[in-house]
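> Can you look at this prediction? I've put the sequence above it.
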Amino acid sequence: MHYRPNIFLLLLLFSFSTFVMHAQSKKQLELEAKRQTILKEIQQINNLIASQKKEERSIISTVEDLNYKVKVRQNLIKVTNDQANLLTREINDNQKQITTLRDQLKYLKEDYAAMVVKSYKSKSEQSRVMFLLSSENFKQAYKRLQYIRQYTDYQKQQGEEIIRKTEQLQQLNTTLLQQKKDKDRLVEENRIAKQKLEEDVKEHEKLMVSVRKNMSTYASQVKSKQQEADRIDKEIEKLIRDAIAASNKKAGKSETTSKGFALTPEAKALEANFQANKGKLPWPVRTGVIKVRYGKQRSSIDNTIEINSNGIRIATDKNAKVRAVFNGEVLAVQATRTGNPAILVQHGNYVTVYRNLSKVHVVKGDKVTTNQEIGEVFTDAVTGECWLGFYVYKDSKFLDPALWILR
């Protein structure tokens, strides 16, 4: 039985390969989920653009949309490439496992055949009864009986193992064929995605030629929009600072040393619950895509201009309903002479802001619940563009809202 150590080694290698395969399959599912999310994002932005009046849209908005689509398609191609590469590794691993299984089956069948021959010879030479009766004492007879039983059981196990390995080999072959089909599909989808990316890039470049001819005019418009956003942000910050000062004054605390709201036990519990739901909060609109992210970034029109976004800008459907992302109390309704209204909702020391509204369904002091409709997003009557500015603050400090809502 000199080949048994080899069988053990093969089983060990096969077990390790199975573990690696399981880890890769999990990664494959994660990548596929990510790819589907990106595909949905592309579909949403295409639907949003299609619903807008192309002849009335500004070049700046069109360039921003194309720039966004290019980035998303590039991300799609990257994820699809990762999937295809992972599938290649899985295919190679499966091919190795098939080779290992075939070797195992070869050894098992040889071992099983040897046992059958030995069993046949044993029966022809003498019966089991004679084998037991020829024992020198009861102890030896008992041990021989144990040996006969163990040998029979082992023979049965080997037969069952051969059946199991054969089925496993058939299953791996089926999986391998499916993986090769999946890889071919991904390669074809990536080819189409690259083709569409090239089309978007060409259209983007064509528009940028027009932009460069009047760069100073467009750059001035970008700066003007940034200044307006900064002005509104400062008003929001002031509203929060004033509310913090008022809450501390009411609680008899120093207004100068207290950086956060004076909270009741209930408000503290609400804050803890809000914080515990980071990354799990619902979106403030039913559908949409994040076109402008949090933080400093270069303008898609003029990369020499730095844009600072204290929140995120979500492009959404016409006249979209705005929903509170968590339980809280309306801290303020901001109304300006030049900008559209904004709603501030307090969740302990956290405040969520919903900006660029056309309608407001709540007033200061109202209690709101998760997913409750609190307003409606403003839709530009000329272009059909519709976007929501969404912010998250803590103690009047900006946080990245994208980290708080569901991904």
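Received the coordinates, thanks. Numbers count the residues shown, from 1 in each chain.
> what about the helices in the stretch 101-250 of the chain?
Using DSSP state H, counting those that start in this stretch, the helices of the stretch 101-250 of the chain run over 128-133, 138-213, 215-250.
> Quick check: phi and psi on residue 269?
In terms of degrees, to the nearest 10, the main-chain angles of residue 269 are phi -70, psi -40.
> for residue 333, same thing?
According to degrees, to the nearest 10, residue 333 has phi -120, psi 110.
> Domain ranges for the chain, per the record?
Partitioning the chain according to automatic domain parsing yields domains covering residues 4-213, 227-403.
> what about the stretch 251-400 of the chain, any weak spots by pLDDT?
The stretch 251-400 of the chain contains residues with pLDDT under 70 at 254-258, 337-338.
> all strands for it, in order.
289-292, 295-298, 306-309, 312-315, 321-323, 328-334, 342-347, 350-355, 357-360, 367-368, 373-377, 387-394, 397-399 (DSSP state E, counting those that start in this stretch).
> list the buried ones in the third one?
Residues of strand 306-309 classed as buried: 307, 309 (neighbour count, 16 or more other Cβ atoms under 10 Å). To be clear about C-beta, it is placed using only N, CA and C from the backbone, and glycine gets the same treatment.
> quick one: low-confidence parts of the stretch 1-150 of the chain?
Looking at the stretch 1-150 of the chain by pLDDT under 70, you get 1-24, 52-57, 101, 104-105, 108-109, 111-136, 138, 140-142, 144-150.
> Can you redo the strands of the stretch 251-400 of the chain as a markdown table, where the extra columns are distance to residue 253?
Below are those laid out as a markdown table (distance: least, Cβ to Cβ, whole Å):
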| stretch | distance to residue 253 |
| --- | --- |
| strand 289-292 | 37 |
| strand 295-298 | 33 |
| strand 306-309 | 32 |
| strand 312-315 | 33 |
| strand 321-323 | 33 |
| strand 328-334 | 18 |
| strand 342-347 | 17 |
| strand 350-355 | 19 |
| strand 357-360 | 31 |
| strand 367-368 | 24 |
| strand 373-377 | 30 |
| strand 387-394 | 18 |
| strand 397-399 | 19 |
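> picking that back up, deepest of the helices of the stretch 101-250 of the chain, which one?
Compared across the helices of the stretch 101-250 of the chain, helix 215-250 shows the largest average neighbour count, a mean of 15 (mean count of other Cβ atoms under 10 Å).
> so what secondary structure elements neighbour it?
helix 59-125, strand 306-309, strand 328-334, strand 342-347, strand 350-355 (3 or more Cβ pairs under 8 Å, 6 or more residues apart in numbering; DSSP states H and E).
> Need the ones you listed in CSV (columns: distance to residue 223).
Formatted as CSV, those follow (distance: least, Cβ to Cβ, whole Å):
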stretch, distance to residue 223
helix 59-125, 12
strand 306-309, 9
strand 328-334, 23
strand 342-347, 22
strand 350-355, 20
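> just to revisit the earlier point, pick the most deeply packed of the domains of the chain.
Sort the domains of the chain by mean neighbour count, taking mean count of other Cβ under 10 Å, and domain 227-403 sits at the top with a mean of 17.
> measure that one end to end?
Taking Cα to Cα, to the nearest Å, the first and last residues of domain 227-403 lie 26 Å apart.
> what distance separates it from the centre of its chain?
24 Å (Cα atoms, centre = their mean, to the nearest Å).
> sorry, back to before: just send the helices of the stretch 101-250 of the chain back as JSON lines, with distance to residue 406 too.
What follows is the helices of the stretch 101-250 of the chain, written out as JSON lines (distance: least, Cβ to Cβ, whole Å):
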{"stretch": "helix 128-133", "distance to residue 406": "70"}
{"stretch": "helix 138-213", "distance to residue 406": "25"}
{"stretch": "helix 215-250", "distance to residue 406": "24"}
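> Looking at those helices, spot the one closest to residue 267.
helix 215-250 (9.3 Å; Cβ to Cβ).
> what's the closest of the helices of the stretch 101-250 of the chain to residue 374?
So among those, helix 215-250 is nearest, using Cβ to Cβ, at 15.9 Å.
> Taking strand 328-334 as reference, get the angle to the closest one.
130 degrees (axes from the mean of the first three to the mean of the last three Cα atoms, to 10 degrees).
> can you give me the angle helix 215-250 makes with helix 59-125?
Using the same axes, to 10 degrees: helix 215-250 against helix 59-125 is 80 degrees.
> Now do helix 215-250, average pLDDT.
Averaged across helix 215-250, the pLDDT comes to 88.
> which one is residue 87 nearest to, not counting chain neighbours?
Closest residue to residue 87 apart from its sequence neighbours, by Cβ to Cβ, 6 or more residues apart in numbering: residue 183 at 4.5 Å.
> Thought residue 88 was touching that neighbour, still the case?
Yes - at 6.8 Å, residue 183 counts as touching residue 88 under the criterion of Cβ atoms under 8 Å.
> Quick one: residues contacting the nearest residue to residue 263 once chain neighbours are set aside.
Of all residues not flanking residue 263 in the chain, residue 348 sits nearest, at 5.8 Å (Cβ to Cβ, 6+ apart). Under the criterion of Cβ atoms under 8 Å, 6 or more residues apart in numbering, the contact list for residue 348 reads 261, 263, 267-268, 270-272, 274.
> at 10 Å instead, please
For residue 348, the contact set (Cβ atoms under 10 Å, 6 or more residues apart in numbering) comprises 260-261, 263-264, 266-275, 328-329, 394.
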